[in-house]
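S.K.: Predicted model and sequence below, questions to follow.
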Amino acid sequence: MKREAIERAKEHFGRLLEMQMERIAKIKSAPDWIDYSKLKPIIIGVVGGDGIGPYIAKEAQRVLEYLLQDEVKNGKVEFRVIEGLTIENRAACMKPIPDDVLEEIKKCHVILKGPTTTPRKGDPWPNIESANVAMRKELDLFANVRPVRVPQQGIDWIFFRENTEDVYALGPYGLEVDEDIAIDFRLISTPGADRICRLAFEHARKTGKKKVTCVTKANVVKTTDGRFLENFYRIAKEYPDIQVDDWYIDIMTAKLIDEKRRREFQVFVLPNLYGDILTDEAAEFQGGVGTAGSANIGKQYAMFEAIHGSAPRMVQEGRAIYADPSSMIRASAMLLNHIGYADKGKKLEMALDICGQYEKKLVITGRPNGATGAQFADYVLETIQDPNLEARWENYVKG
Ligand code: IPM
Ligand code: MG
């Protein structure tokens, strides 16, 4: 029995390694960054997802369509709505992304994606892989970029979370060895660590940030985190003008609530799971995960999403129209920045700050005593059109 279990485990592990070696070979031979300025049209796919997803994605799309109306008219940008990434469909075909949906997604250049339900063991849904995670892998979206800004508290952070490796790479491929032992696998590769660290340093250099901080638990998770950290310091040498330091994830979670210390951090780079956890904590200072957008960036594709879940309960209780579209609209601002419309992205961010953080003429509560998502999106649209938008924003931020 024992022998058999061990043999089975060896075989399993061998197959995983083959799969991963193939993936790493692909990273090494991958084409370079796509150039959006040369594309016509840039195709933006809108994938509603499930639960409140389609409701809030629709509002974000409306805002984007307003900001890109000239580009749509002259054929530079095209919108496509892609249906079918629902938990019902995924469960029916037992795949995290149905084949036809994936095919449509791959015909686009950038994706705006609503939240999707992620099942786990014991749920009524089959325990299929998360659609987010699958899409990140399928499109090789290796960087999860999450900014958090609270100007009044001196917080201006940007997280570069590695998005395709770590425990996520092999999340669905763990092994039930026998009735006593369950094993999952964690993987960090040199090309994987290299490209995320490089992106973080490039960002720092481009935006004039002075410091990049790496977060691991390399004192305990010696091999994989050790590899990540080693690569971080190797790449840092190419950026001698930028200061570097590294922290362990446990103390880092504490330091984010240290009001004096936390102002010193600027750019973070970290493996996938630590990034997942730390970015939720960080988003809380800005008003919670509902206010945070997230960019999933690869060299050929990019996907922009909310960082919260699909809130099925809101739909069951008939409250989906009261769901807050802020996170999706934030993600849309990141999308604009990414495809070369940074001016429009900046405007949208300012309008969102005003509507959601400062002026708050309309407040979303998720219930009928608050504004609907559509009303909030209208409020954002009105605010964008204010010729004094920038002055109004500066007033609030300094005030
Ligand atoms: C996120 C989410 C996902 C993740 C879940 C839904 C699989 O928490 O985008 O941070 O863990 O990456
Ligand atoms: Mg998360």
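M.R.: Thanks, I have the structure now. Ligands and ions are numbered 1, 2, ... in the order given.
S.K.: Tell me the residues of this structure that contact ligand 1?
M.R.: 118, 130, 132-133, 276, 307 (CB under 6 Å from any ligand atom). For the C-beta atoms, the positions are set from N, CA and C on the backbone; glycine is no exception.
S.K.: at 5 Å instead, please
M.R.: Within the chain, the positions near ligand 1 by CB under 5 Å from any ligand atom are 118, 130, 132, 276.
S.K.: centre of the chain versus the host helix or strand of the third one, how much separation?
M.R.: Assigned by DSSP states H and E, residue 132 belongs to helix 131-138. Relative to its parent chain, helix 131-138 has a centroid offset of 11 Å by CA atoms, centre = their mean, to the nearest Å.
S.K.: Equivalent analysis for stretch 223-239, please.
M.R.: 23 Å.
S.K.: Counting neighbours, which bits of it end up buried?
M.R.: 224-225, 227-229, 231-232, 235-236, 239 (16 or more other CB atoms under 10 Å).
S.K.: could you give the mean pLDDT of the helix holding residue 132?
M.R.: Helix 131-138 carries an average pLDDT of 92.
S.K.: now stretch 191-203
M.R.: 97.
S.K.: residues of that stretch that come out buried?
M.R.: In stretch 191-203, counting by 16+ other CB under 10 Å, buried: 191-201, 203.
S.K.: and the residue of the stretch 101-250 of the chain nearest ligand 1?
M.R.: Using CB to the nearest ligand atom, the closest approach of the stretch 101-250 of the chain to ligand 1 is made by residue 130 at 3.8 Å.
S.K.: try the stretch 251-399 of the chain
M.R.: For the stretch 251-399 of the chain, CB to the nearest ligand atom, closest residue to ligand 1: residue 276, 4.5 Å.
S.K.: Check for me that that residue belongs to a helix.
M.R.: Yes: looking at residue 276 with DSSP: H, G, I helix; E, B strand; the rest coil, it is inside a helix.
S.K.: what's the burial count for the nearest residue to it once chain neighbours are set aside?
M.R.: Nearest non-adjacent residue to residue 276, counting by CB to CB, 6 or more residues apart in numbering: residue 161, 6.9 Å away. Neighbour count of residue 161, defined by other CB atoms under 10 Å: 27.
S.K.: show me the contacts for residue 161.
M.R.: Residue 161 is in contact with 143-146, 196, 270-272, 274-276, 278-279, counting by CB atoms under 8 Å, 6 or more residues apart in numbering.
S.K.: let's see it at 10 Å
M.R.: 142-146, 196, 200, 215, 268-279, 294, 296 (CB atoms under 10 Å, 6 or more residues apart in numbering).
S.K.: Which of these fall within helices?
M.R.: 196, 200, 272-279 (DSSP state H).
S.K.: would residue 283 count as being in a helix?
M.R.: Yes: Residue 283: assigned to a helix according to three-state DSSP.
S.K.: partner residues bridging the residue sitting nearest the centre point of the chain?
M.R.: Note on the chain: the residue nearest the mean C-alpha position is residue 294, at 3.5 Å, using CA atoms, centre = their mean. Note on residue 294: beta-bridge partners residue 305, judged by DSSP bridges.
S.K.: Verify the contact between it and residue 327 for me.
M.R.: Yes: contact criterion CB atoms under 10 Å: residue 294 and residue 327 qualify, at 8.2 Å.
S.K.: Next, show the common contact partners of the two.
M.R.: Joint contacts of residue 294 and residue 327 (CB under 10 Å, 6+ apart) are 283, 305-308.
S.K.: between those, which has the most around it?
M.R.: Going by other CB under 10 Å, residue 306 tops these with 31 neighbours.
S.K.: Let me know the pLDDT of the residue nearest to that one when sequence neighbours are not counted.
M.R.: In this structure, residue 306 finds its nearest non-sequential neighbour in residue 327, 3.6 Å apart by CB to CB, 6+ apart. What the model reports as pLDDT for residue 327 is 91.
S.K.: quick one: contacts for residue 327?
M.R.: Under the criterion of CB under 10 Å, 6+ apart, the neighbours of residue 327 are 56, 60, 114-115, 283, 288-294, 305-308, 352, 356.
S.K.: Buried residues, stretch 260-278. List them.
M.R.: So for stretch 260-278, counting by 16+ other CB under 10 Å, buried means 262, 265-278.
S.K.: Same check on stretch 126-140?
M.R.: For stretch 126-140, the neighbour count (16+ other CB under 10 Å) marks 128-140 as buried.
S.K.: what's the answer for stretch 142-160, then?
M.R.: 142-149, 155, 157-160.
S.K.: Tell me which two of these sit farthest apart.
M.R.: 142 and 155 (25.7 Å; CB to CB).
S.K.: my read is residue 161 is in a strand, agree?
M.R.: Yes: per three-state DSSP, residue 161 lies within a strand segment.
S.K.: doesn't residue 67 make contact with residue 347?
M.R.: Yes: contact criterion CB under 10 Å: residue 347 and residue 67 qualify, at 7.5 Å.
S.K.: Pull the contacting residues for the closest residue to residue 235 other than its chain neighbours.
M.R.: Closest residue in space to residue 235, ignoring its immediate chain neighbours: residue 197 at 4.5 Å, by CB to CB, 6+ apart. If you count contacts by CB under 10 Å, 6+ apart, residue 197 has them with 160, 162, 212, 214, 228-229, 231-236, 238-239, 244, 269-270.
S.K.: Tell me how far the residue nearest to residue 311 when sequence neighbours are not counted lies from ligand 1.
M.R.: Leaving aside its sequence neighbours, residue 311 sits nearest to residue 52 (CB to CB, 6+ apart; 4.7 Å). Taking CB to the nearest ligand atom, to the nearest Å as the measure, residue 52 and ligand 1 are separated by 14 Å.
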